[in-house]
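Student: pasting the structure only:
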């Protein structure tokens with residue numbers, strides 16, 4: 001079995017396992033106590049904090065351990081907003097942030113605050129100019145991920161931090177995906193991370209708050225972690241997280257070169273092996289191990305099952321899953337195809353042979369799913385030169401499959417009016433037009449759902 005979902009959670013690093021087992025024997029006591037066992041636990045905790053702070057690029061007394069990366073993000077945003085409440089209640093986020101950031105933004109807005117969501121380009125990156133344009137006199141905080149979790153695109157954090165800093169606005173960076181590779185450059189103010197993303201144990205997050213940043217911890221606090229993370233520290237897990245971060249950083253430079261070559265191979269060969277595929281994300285400014293592509297006329301969940309049976313564990317940002325009927329917010333913000341989406345994220349040490357086997361299996365898996373979904377298209381005549389395609393009640397990717405089958409039935413210059421009530425159609429039909437060289441006229445209201453008008457160009 002080949003595990004290709006490291007962006008969700010990386011396999012536990014061998015060094016983390018060794019450190020965890022050792023710390024279970026040595027670090028079980030209360031580090032706040034003055035007896036021998038407590039002092040030993042405190043020494044382990046302090047050493048872990050020094051190690052992680054050095055890797056992050058902050059002072060040890062600026063670093064707090066939390067129960068998860070999500071908790072670090074929630075605590076960081078809430079504390080920074082509360083600390084700068086006198087300035088205002090305006091928050092800036094990018095449209096492709098992790099859900100933990102967007103959920104915090106939703107809660108802030110529900111509580112009376114205001115939020116500006118900065119758009120991204122088709123590659124998934126923001127620009128410093130777009131953040132500068134979003135800044136207001138009442139802006140309390142800006143947030144930006146270091147790299148995207150779905151497509152791997154790296155963000156211009158240093159440039160955004162510079163424009164925010166010039167206006168006195170702190171920048172919180174969600175660095176969960178990138179900390180295992182390197183420090184986050186730039187004059188950021190707050191930073192969040194998660195150990196299970198770099199091969200540490202789950203249940204350990206980190207929040208760095210630079211000295212001088214106004215911060216007011218929210219909710220009940222206690223004497224632990226400077227009052228920023230209540231509750232007894234999980235010292236064995238923290239020790240393992242610190243040890244694994246140091247270990248992966250030692251390997252990162254050489255492994256980045258190797259994984260970049262493997263992901264470049266996937267990005268280049270998938271469109272050659274599988275017809276009607278769109279590869280997403282910036283081609284160069286990206287994390288080493290992540291590559292994402294979407295396949296027309298494919299049910300994403302079914303494709304993942306096919307690949308799982310073939311021995312590959314991959315993820316998907318597709319709208320076609322049993323858990324959601326809406327497209328991935330990241331793919332939607334980028335304006336790229338969402339159906340049949342596959343995210344391959346290679347863990348450290350992935351063999352080249354596994355990637356080659358994946359490339360040999362993928363075409364057959366996609367073809368099998370497309371064959372299963374090859375349903376005839378219902379159609380009714382409308383006004384001259386137009387075809388009405390009724391796909392109401394049908395979910396991604398059926399509306400696009402049926403559109404592809406009937407586009408040849410109208411003359412060049414004629415239109416197809418696709419009736420659909422699946423939210424994914426709003427993204428996937430324009431994407432299909434761009435890939436197939438047809439003209440997307442636009443969306444029109446309909447008695448039920450929406451009508452998406454496509455003009456045949458060739």
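Tutor: Cool, the structure landed. What you see is a predicted model; the values in this text were computed from it and never measured.
Student: Sort out which residues of the helix or strand that residue 240 is a member of are buried, please.
Tutor: In the assignment (DSSP states H and E), residue 240 maps to helix 235-273. Neighbour-count burial for helix 235-273, counted by 16 or more other C-beta atoms under 10 Å, picks out 235-249, 252, 255-256, 259, 262-263, 266-267, 270. Where C-beta positions appear, they are placed from N, C-alpha and C, glycine not excepted.
Student: Show me what it packs onto, helices and strands only.
Tutor: Other helices and strands packing on helix 235-273, by 3 or more C-beta pairs under 8 Å, 6 or more residues apart in numbering; DSSP states H and E, are helix 14-26, helix 36-56, strand 277-280, strand 290-295, helix 352-372.
Student: what's the most buried one of the ones you listed?
Tutor: strand 290-295 (a mean of 27; mean count of other C-beta atoms under 10 Å).
Student: Between strand 290-295 and the helix or strand just after it, find me the angle.
Tutor: Next along the chain after strand 290-295, taking DSSP H and E as the criterion, comes helix 300-309. Angle of helix 300-309 versus strand 290-295, following axes from the mean of the first three to the mean of the last three C-alpha atoms, to 10 degrees, is 120 degrees.
Student: ok, now which ones touch the residue nearest to residue 30 when sequence neighbours are not counted?
Tutor: Sequence neighbours aside, residue 38 is the residue nearest to residue 30 in space, at 5.3 Å (criterion: C-beta to C-beta, 6 or more residues apart in numbering). Shown in contact with residue 38 (C-beta atoms under 8 Å, 6 or more residues apart in numbering): 29, 30, 31, 32.
Student: and if you look at residue 403?
Tutor: Here residue 403 is in contact with 377, 389, 416, 418, 429, 432, 454 (C-beta under 8 Å, 6+ apart).
Student: Quick check: the residue nearest to residue 30 vs residue 76, distance?
Tutor: According to C-beta to C-beta, to the nearest Å, residue 38 and residue 76 sit 29 Å apart.
Student: residue boundaries of the helices in the protein?
Tutor: Along the chain, counting by DSSP state H, helices occupy 14-26, 36-56, 69-83, 99-110, 128-134, 157-166, 235-273, 300-309, 329-334, 352-372, 398-406, 425-436.
Student: can you put the ones you listed in CSV and add mean pLDDT and distance to residue 341?
Tutor: CSV is the format used below for those (pLDDT from 0 to 100; distance: least, C-beta to C-beta, whole Å):
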stretch, mean pLDDT, distance to residue 341
helix 14-26, 95, 30
helix 36-56, 96, 32
helix 69-83, 97, 23
helix 99-110, 97, 16
helix 128-134, 98, 25
helix 157-166, 98, 26
helix 235-273, 96, 12
helix 300-309, 92, 5
helix 329-334, 93, 7
helix 352-372, 94, 12
helix 398-406, 91, 13
helix 425-436, 90, 10
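Student: Dump the ones you listed into CSV; add distance to residue 182 as well.
Tutor: Listed next are the helices of the chain as CSV, based on distance: least, C-beta to C-beta, whole Å:
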stretch, distance to residue 182
helix 14-26, 18
helix 36-56, 9
helix 69-83, 17
helix 99-110, 21
helix 128-134, 20
helix 157-166, 12
helix 235-273, 7
helix 300-309, 30
helix 329-334, 22
helix 352-372, 23
helix 398-406, 39
helix 425-436, 33
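Student: pLDDT weak spots in the stretch 101-250 of the chain?
Tutor: Applying pLDDT under 70 to the stretch 101-250 of the chain picks out no residues at all.
Student: Which residue ranges of it form strands?
Tutor: 114-118, 139-145, 171-174, 190-194, 205-209 (DSSP state E, counting those that start in this stretch).
Student: contacting residues for residue 110?
Tutor: Contacts of residue 110 (C-beta under 8 Å, 6+ apart): none.
Student: ok, now how distant is it from residue 399?
Tutor: Per C-beta to C-beta, residue 110 is found 33 Å from residue 399.
Student: Please apply the same query to residue 78.
Tutor: 41 Å.
Student: more neighbours, those two?
Tutor: A side-by-side neighbour count of residue 78 and residue 399, using other C-beta atoms under 10 Å, places residue 399 first with 28 against 19.
Student: Who's the closest spatial neighbour of the more buried one, skipping the chain neighbours?
Tutor: In space, residue 399 is closest to residue 391, 4.1 Å off (C-beta to C-beta, 6+ apart).
Student: mind listing what that neighbour touches?
Tutor: Residue 391 neighbours (C-beta under 8 Å, 6+ apart): 378, 398, 399, 402, 418, 419, 420, 422, 425.
Student: Narrow the residues you listed to those that are buried.
Tutor: By neighbour count, with 16+ other C-beta under 10 Å, the contacts of residue 391 hold 398, 399, 402, 418, 419, 420, 422, 425 as buried.
Student: What is the nearest of the contacts of residue 391 to residue 20?
Tutor: residue 422 (45.2 Å; C-beta to C-beta).
Student: Give me the phi and psi for the closest one.
Tutor: Here is the backbone geometry of residue 422 (degrees, to the nearest 10): phi -90, psi 130.
Student: mind checking pLDDT for it?
Tutor: With respect to pLDDT, residue 422 scores 89.
Student: Double-check it against residue 402; I have them as touching.
Tutor: No - the criterion here is C-beta atoms under 8 Å, and residue 422 misses it with residue 402 at 11.9 Å.
Student: shared neighbours, those two?
Tutor: Joint contacts of residue 422 and residue 402 (C-beta under 8 Å, 6+ apart) are 391, 394.
Student: any chance of the buried ones among the contacts of residue 391 in a markdown table, plus distance to residue 46?
Tutor: Below are the buried ones among the contacts of residue 391 laid out as a markdown table (distance: C-beta to C-beta, whole Å):
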| residue | distance to residue 46 |
| --- | --- |
| 398 | 58 |
| 399 | 58 |
| 402 | 63 |
| 418 | 62 |
| 419 | 64 |
| 420 | 59 |
| 422 | 54 |
| 425 | 55 |
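Student: Return the member of those nearest to residue 69.
Tutor: residue 422 (32.1 Å).
Student: Find the residue closest to the closest one in space, skipping its chain neighbours.
Tutor: Residue 422 sits nearest to residue 395 (C-beta to C-beta, 6+ apart), 5.1 Å away.
Student: what's the answer for residue 22, then?
Tutor: residue 239 (7.7 Å).
Student: contacting residues for the one you found?
Tutor: 19, 20, 22, 23, 27, 44, 45, 47, 48.
Student: Ok, residue 233 next?
Tutor: Per C-beta under 8 Å, 6+ apart, neighbours of residue 233: 31, 45, 65, 224, 225.
Student: That concludes my questions; thank you for your assistance.
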